[in-house]
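Colleague: pasting the sequence and the predicted model now:
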Number of protein chains: 2
Amino acid sequence: MCQLLGMNCNTPTDITFSFEGFRRRAGLTDHHTDGFGIAFFEGKGVRIFRDNCPGASSPMADLVSQYRIKSFNVIAHIRKATCGDVNLENTHPFIREIWGENWVFAHNGTVDVKVCPNNHYQPIGSTDSEAAFCCIVASLKQRFPQKPSEKEIFDAIVDIASEIAKHGVFNFILSNGHWMIARCSTNLHYVCRKAPFGTALRDDDVMIDFREYTEESDKVTIITTQPLTKNENWTKMKNGGYVFFKDGDVLFEIEGTLPECNPHV
Amino acid sequence: MCQLLGMNCNTPTDITFSFEGFRRRAGLTDHHTDGFGIAFFEGKGVRIFRDNCPGASSPMADLVSQYRIKSFNVIAHIRKATCGDVNLENTHPFIREIWGENWVFAHNGTVDVKVCPNNHYQPIGSTDSEAAFCCIVASLKQRFPQKPSEKEIFDAIVDIASEIAKHGVFNFILSNGHWMIARCSTNLHYVCRKAPFGTALRDDDVMIDFREYTEESDKVTIITTQPLTKNENWTKMKNGGYVFFKDGDVLFEIEGTLPECNPHV
């Protein structure tokens, strides 16, 4: 299985503290060594860095840590291959253009994706994850030739993704650079950091005092497979739960009423 | 105006020698300082590095030079903005998925793009270049829901791009990782390097002896706006000319029968 990391904020934020703890799991503190990828939104553009080397030792990951890019929305992924070879085209996050926007997607779990409604979007690699993502955007484009409201997008994604999730484990993070949607089958946690800010202690015992880096109005939400800090109040999402984050806040939410029974859980 | 650089080979090749000469034009030897981008195909995947800093001083460009990625197909671009703001989403090369392949596109010139046949692909930024690229892939997808032969793709692109080129200057390089198409309105040159290999002298007087780096069977084609070396036999493409390169060779060609009369030339 893989691990996911997402960040959604109301101010451009440097993800290095969380990313450094996260990437240690890719070869040092855990075994997700089959590639890593990270996407930073910058305006309507996206910078994506991907490597099929382990995140803990990738020179591309070193660059990311040194470069200290600030962004409103970031999605990262470390991979333990379960489906598809270890190569660049199978490395998350995946990206597609829909309605003149970049959409970025990363998945944890294994799903059996049935045939898509059309060939509007086709997978480039051989992962179930990219196939599922193509299925989501193809279905959305079919339902909405023009971009609908955020609530309509959220409702449609809940509908489409819940159908896909019937056939596997479907934890994912998806962003268009303005909002971020998190969907949980088995494991996904989030924490919303806002004033009054305090300190956080990473699981490798590195401490940060957010008061040194933040303004009173800042809101920063971190979404991840497993909590990255020991002393913060992480919300564990429920099976079948969806959260729509914008500007670091929860805007829409479905708690998760369908406990998913799956042998992979 | 901008400058283009493309490489198409039959063996994975390090583009550093050509790229170093090329990026010097982005701020040192010339004035193309409004961003740079480079895309390396790796299997079906693509690594794209883009920066809205000048290519000559961009830390991203330094990484590219140090990393020495070897690839069969590379497209690079240095930008002098004529249309669209200087930001990440307006930075070439642009990328879209068509028929389950990554297609990468970079343009030099200014075109007035009329309405696309459909909204299958929509520009994310505000450049004429991305709008023209979206128009090409949308038209292709409309003509061929399934991927046709390479000759059919070439013929269709000639048809579509010649229509777009009626409304401006349309020099471009396009690749799907297997082949590379070059299209000339005003300025595009190429050289095919193959045995017997010799030396090349870059315009900043750096010399390379290709015999130290090549095998007898290697074929490496470099396509660029202005020749990068002083002592090689560069072919200057004609107005309205198209070349389809594969494995470092010319596979299909249209010499250019329509001299384009354009005030921007």
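Modeller: Nice, I can see it. Numbering: from 1, shown residues only, chains lettered A, B, ... in the order given.
Colleague: what residues does chain A put near chain B?
Modeller: A:42-48, A:50, A:59, A:63, A:67, A:87-91, A:96-97, A:99-102, A:119-125, A:145-146 (CB under 8 Å from any CB of the partner chain). C-betas here are computed from N, CA, C, even on glycine.
Colleague: cutoff 6 Å now
Modeller: Counting by CB under 6 Å from any CB of the partner chain, the residues of chain A lying close to chain B are A:42-45, A:63, A:87-89, A:100, A:102, A:122, A:124.
Colleague: filter those residues down to the ones in strands?
Modeller: Using DSSP state E, the subset of those located in strands is A:42, A:45, A:102.
Colleague: kindly indicate which of those residues lies nearest residue B:108.
Modeller: Of all those, residue A:45 has the smallest distance to residue B:108: 20.1 Å, by CB to CB.
Colleague: where does chain A have low pLDDT?
Modeller: Applying pLDDT under 70 to chain A picks out residues A:1, A:26-33, A:54-56, A:81-83, A:115, A:258-265.
Colleague: helices of that one, start to end?
Modeller: Along chain A, the stretches classed as helices by DSSP state H are A:16-24, A:59-67, A:128-143, A:150-164.
Colleague: can you list these in CSV and add distance to residue B:254?
Modeller: Formatted as CSV, those follow (distance: least, CB to CB, whole Å):
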stretch, distance to residue B:254
helix A:16-24, 49
helix A:59-67, 39
helix A:128-143, 34
helix A:150-164, 44
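Colleague: what's the closest of these to residue A:195?
Modeller: helix A:16-24 (17.6 Å).
Colleague: ok, so of the ones in strands among the residues of chain A next to chain B, who is nearest chain B?
Modeller: Of all these, chain B sits closest to residue A:45, with 2.9 Å by CB to the nearest CB.
Colleague: which residues does that closest one bridge with?
Modeller: For residue A:45, the beta-bridge partners are residue A:42 (DSSP bridges).
Colleague: from what I see, it and residue B:88 are in contact.
Modeller: Yes - using CB atoms under 6 Å, residue A:45 is in contact with residue B:88, at 2.9 Å.
Colleague: between the two, which one's more packed in?
Modeller: Taking neighbours as other CB atoms under 10 Å in any protein chain shown, residue A:45 and residue B:88 compare with residue B:88 leading, 21 against 18.
Colleague: and that one, how far from residue A:62?
Modeller: 22 Å (CB to CB, to the nearest Å).
Colleague: ok, residue A:209 next?
Modeller: 25 Å.
Colleague: I'd like to know how many residues surround residue A:144.
Modeller: Neighbour tally, residue A:144, other CB under 10 Å: 15.
Colleague: give me the beta-bridge partners of the spatially most central residue of chain A?
Modeller: For chain A, the residue nearest the mean C-alpha position is residue A:173 (3.2 Å; CA atoms, centre = their mean). Legend: beta-bridge partners of residue A:173 under DSSP bridges are residue A:106, residue A:182.
Colleague: so it touches residue A:106, yeah?
Modeller: Yes - using CB under 6 Å, residue A:173 is in contact with residue A:106, at 5.4 Å.
Colleague: mutual contacts of these two, please.
Modeller: A:4, A:75 (CB atoms under 6 Å, 6 or more residues apart in numbering or on different chains).
Colleague: please point out which parts of stretch A:158-171 sit buried.
Modeller: Across stretch A:158-171, burial judged by 16 or more other CB atoms under 10 Å in any protein chain shown covers A:158, A:160-162, A:164-165, A:168-171.
Colleague: now do stretch A:125-143: everything it contacts.
Modeller: A:83-84, A:89-90, A:94, A:96, A:98, A:105, A:107, A:110-111, A:113, A:116-118, A:120-121, A:123, A:156, A:160, A:164.
Colleague: I misspoke; the intended subject was stretch A:92-110.
Modeller: A:1-2, A:4, A:37, A:39, A:46, A:75, A:77, A:82-83, A:121, A:128-130, A:133, A:137, A:141, A:147, A:168-176, A:185, A:225, A:264, B:122, B:124.
Colleague: next one: stretch A:162-176
Modeller: Residues contacting stretch A:162-176 (CB under 6 Å, 6+ apart): A:4, A:6, A:73, A:75, A:101, A:103-112, A:132, A:181-186, A:188, A:223, A:262, A:264.
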